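[1] here's my sequence, what's the structure:
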Amino acid sequence: MRPLRKVIPIDAPETKISHDSPIFLWGSCFAEHLRAYLESELYPVASSPFGIMYNPLSMAEGLRRVLENEMPSASEMELIDGLWISPMHHGSFSGTDKGEVLKVMTGALEEAVRTLPETRLFVFTFGTAYVYEEKASGRIVNNCHKRPAKDFSRRRAGVAEVTEVWTPLIESLLDKAPSSEVLFTVSPIPHYRDGAHENRVSKSVLHLALEEILEHSDRNRVRYFPAYELMQDELRDYRFYADDFAHPTPLAVEYIMERFKETYLAPWTLAEEWHRVRSLLGHRPITTDPIRLKRHYEDLLRRLTELREKFAHPALDTAINDILNHDNLHAL
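    Take a look at the predicted model:
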């Protein structure tokens, strides 16, 4: 039968990622989708110590700071609308107590430095080539934090600019994490606020820059995952887009995650057992009978305990503790 859609081939590594392999994710909303999926499958996963990042130059600066163990500085912080922020950090790091905010930022970067050498896979997702430069300092910010537009100059980074900063960074990263691999991807989510044409040009810059980076890297350790191409060329129908016609629907995200799984993740012998338990965790018993409720939670506790004996994971510990403290378990 003739194929009904284009299927994008993906370059797969010889050795796939197992459940004891730490994964480090950097990037934008797509990186958050990937993190949610990997966490749901109980992989050890961490995100950038700066939070969500969109442009490759800010991401490169963040990675440089991790590689050089350069901690956040109070001098970088600003008070905006009663909240202390850092132009290098996502708004989720902001707070009313300057010392506490700096402590959280420092802790995140210290953890990134600590875990970097043992990380098995780094995933960098570029979202846009457009950057914002602070006029007063000339620095490229990761987040404008809704400051006045007059404080910034907006421009599109060039292919050579991105390539020149990332090529030595990847070499340094692979030296410091000798058992690791790097996976680059371009976010399939368009930035229509830049304009439709400008978004295409921006994504083109990212693709061209990544091609240059790959050409100057060890192709056995540095690869490209075509998330953008999967969305544009395989899922080329608006039923795969949310109401804003930009973000992918859950079905589209699920498909892209499945392609990621089949390419990079090793089969897990406990997958079916975990999926059954996960389904029960998400099930709310439709009964008020205390005996049936008690049996349900006892069965769930037994399944979780048996799984934890085979595979240790903080999420299992949390689920077990929640059930042990559940009122219905002690109702009778």
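[2] state the distance from Glu61 to Arg223.
    Using C-beta to C-beta, to the nearest Å, Glu61 is found at 23 Å from Arg223. Bear in mind the C-beta positions are built from the backbone N, C-alpha and C, glycine included.
[3] if you could redo that for His216, that was the one I meant.
    For His216, the distance to Arg223 (C-beta to C-beta) stands at 14 Å.
[4] pLDDT value on the residue lying closest to Ser21 once chain neighbours are set aside, please?
    For Ser21, ignoring the flanking residues on the chain, the nearest one in space by C-beta to C-beta, 6 or more residues apart in numbering is Arg120 at 3.5 Å. At Arg120, the model reports a pLDDT of 96.
[5] my guess is Thr125 is in a strand, correct?
    Yes. Assessed by DSSP: H, G, I helix; E, B strand; the rest coil, Thr125 belongs to a strand.
[6] gap between the nearest residue to it once chain neighbours are set aside and Gly51?
    The shortest distance from Thr125 to any residue other than its chain neighbours is 2.9 Å, reached at Gly27 (C-beta to C-beta, 6+ apart). With distances taken as C-beta to C-beta, Gly27 is found 11 Å from Gly51.
[7] so between these two, which is more surrounded?
    Set Gly27 next to Gly51 and count neighbours by other C-beta atoms under 10 Å: Gly27 wins out with 26 against 20.
[8] OK, contacts around the more buried one?
    Applying C-beta atoms under 8 Å, 6 or more residues apart in numbering, one finds that Gly27 lies in contact with Ser48, Ile52, Met53, Tyr54, Met59, Val123, Phe124, Thr125, Phe126, Gly127, Thr185, Ser187.
[9] hmm, back to that, from memory the residue nearest to Ser21 sits against Ser179, does it?
    Yes. Using C-beta atoms under 8 Å, Arg120 is in contact with Ser179, at 6.5 Å.
[10] looking at those two, which is more packed in?
    Just comparing Arg120 and Ser179: by other C-beta under 10 Å the higher neighbour count belongs to Arg120, 18 against 11.
[11] distance of that one from Pro49?
    For Arg120, the distance to Pro49 equals 18 Å [C-beta to C-beta].
[12] try Ala60
    14 Å.
[13] what do you get for Lys203?
    As judged by C-beta to C-beta, Lys203 and Pro49 stand 26 Å apart.
[14] these two: who's more crowded?
    Legend: neighbour count by other C-beta under 10 Å for Lys203 and Pro49, higher for Pro49 (24 against 21).
[15] surely Thr287 is in a helix?
    No. Read with three-state DSSP, Thr287 is coil and lies in no helix.
[16] Arg295 is in contact with that one, correct?
    No. With contacts counted by C-beta under 8 Å, Thr287 stays clear of Arg295, the gap being 10.1 Å.
[17] compare those two (neighbour count), which wins?
    A count of neighbours by other C-beta under 10 Å puts Arg295 above the other of Thr287 and Arg295, at 13 against 10.
[18] pull the residues that contact the helix or strand containing that one.
    Per DSSP states H and E, Arg295 falls inside helix 290-310. Taking contacts as C-beta under 8 Å, 6+ apart, the residues outside helix 290-310 that touch it are 270, 273-274, 276-277, 280-281, 285, 287, 316-317, 319-320, 323-324, 326, 328-329, 331-332.
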